[in-house]
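Engineer: Sequence and predicted model, in that order:
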Amino acid sequence: MKTVISSDRAPQAIGPYSQAIKANGFLFVSGQIPLDPTTGQIVYGGIESQTYQVIANLRAILEKEGLTFANVVKTTVFLKDMEDFAVMNKVYAQAFADEPPARACVQVARLPRDVSVEIELIAVYP
């Protein structure tokens with residue numbers, strides 16, 4: 001059994017997918033890009049600004065389910081340019097300061113709307 005999860009504090013899906021799916025004690029959150037949910041516009045200003053917005057979007061979806069970054073067990077980070085890793089990692093580390101989850105980070109040829117970063121995650125319910 002699965003349940004579709006959606007938060008109005010995060011960008012609505014821009015394609016045929018759900019913001020998140022709750023299944024078997026886990027929350028699977030679709031990749032979030034630096035889209036401001038109030039304006040619907042991409043946040044520009046570099047990898048730091050974009051990563052902060054992605055983290056905010058992820059936080060909003062987690063909070064909808066009463067979860068925090070402490071419940072996250074796995075993330076995948078997609079970067080347009082691996083040269084941005086250090087700056088992205090600095091922002092990421094603020095969200096996952098204690099007991100960070102397992103993570104993969106890969107450079108990709110292109111991301112939706114030509115953004116610099118996208119992050120997806122899996123969280124576990126207590």
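Structural biologist: Thanks, I have the structure now.
Engineer: Does residue 20 touch residue 29 like I think?
Structural biologist: Yes: Residue 20 lies in contact with residue 29 (CB atoms under 8 Å); the separation is 4.5 Å. C-betas here are computed from N, CA, C, even on glycine.
Engineer: of the two, who's got more company?
Structural biologist: residue 20 (28 against 25; other CB atoms under 10 Å).
Engineer: For that one, give me phi and psi.
Structural biologist: Main-chain dihedrals, residue 20, degrees, to the nearest 10: phi -160, psi 160.
Engineer: Any chance of the backbone angles for the residue nearest to it when sequence neighbours are not counted?
Structural biologist: Among residues not flanking residue 20 along the chain, residue 5 sits closest, at 4.0 Å (CB to CB, 6 or more residues apart in numbering). Backbone torsions for residue 5, taken as degrees, to the nearest 10, come to phi -120, psi 140.
Engineer: give me the number of residues near residue 5?
Structural biologist: 17.
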